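In: Sequence plus the predicted model coming up.
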Amino acid sequence: MARLEVSSEHVVAASLTSVEKSAQNRRRFVFQVDVVWSDGRETSCFRGYSDFFEFQCELLTLFPQEAGGEKDCFRTIPYLPGKRFLTANAEKLALERLPSIDQYVKSLLALPERISRSKHVTKFFVSNWPEDTARGRSGGYEAGSSLAVEYRVESATLAIN
């Protein structure tokens, strides 16, 4: 099994606080995630359901034992609420999902440090993704920081494999 690095700077708490129209695609809705970091900083990032879904798929690949994917292993990674087909009212659907995705995030951060403080989890909450920078929110890391760039490279690598 590959050894995954744990971030020294990590997310202490996160809460989904609102649903907003995407700054990049006005037909898409995103969740505002307020994040508290181990160094005391507080930032916000914006993620759509598809971002959470892709993130979840990557977690299940990176942590096969915790995903329950190996023989005699019990799944400890929380379940993300399932995909739904878009309805005529995407905002209403996003608002309905907010409490369950908020609980998913809280459960994820309560997992052992191997997962909750992994670089993959930490980088998901960095506020310099395109949706964040389109809103003028780059709180915590520079747009080209290695932490954010590593997440995008790591995600692309997982998609290829």
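Out: Thanks, I have the structure now. Here the structure is a predicted model, which is why all the values come from computation and not from measurement.

In: Please report phi then psi for residue 72.
Out: phi 60, psi 20 (degrees, to the nearest 10).

In: Same question for residue 10.
Out: Taking degrees, to the nearest 10 as the convention, residue 10 sits at phi -140, psi 170.

In: Which residue, other than its chain neighbours, is closest to the residue nearest the centre of the chain?
Out: Centroid check for the chain by C-alpha atoms, centre = their mean gives residue 124 as the closest residue, at 4.3 Å. Excluding the flanking residues, the one nearest residue 124 by C-beta to C-beta, 6 or more residues apart in numbering is residue 55, at 5.2 Å. For glycine as for every other residue, the C-beta is placed from the backbone atoms N, C-alpha and C.

In: Also residue 108?
Out: Per C-beta to C-beta, 6+ apart, closest to residue 108 is residue 78, 5.8 Å.

In: isn't the residue nearest to residue 124 right up against residue 125?
Out: No. Contact criterion C-beta atoms under 8 Å: residue 55 and residue 125 do not qualify, at 9.9 Å.
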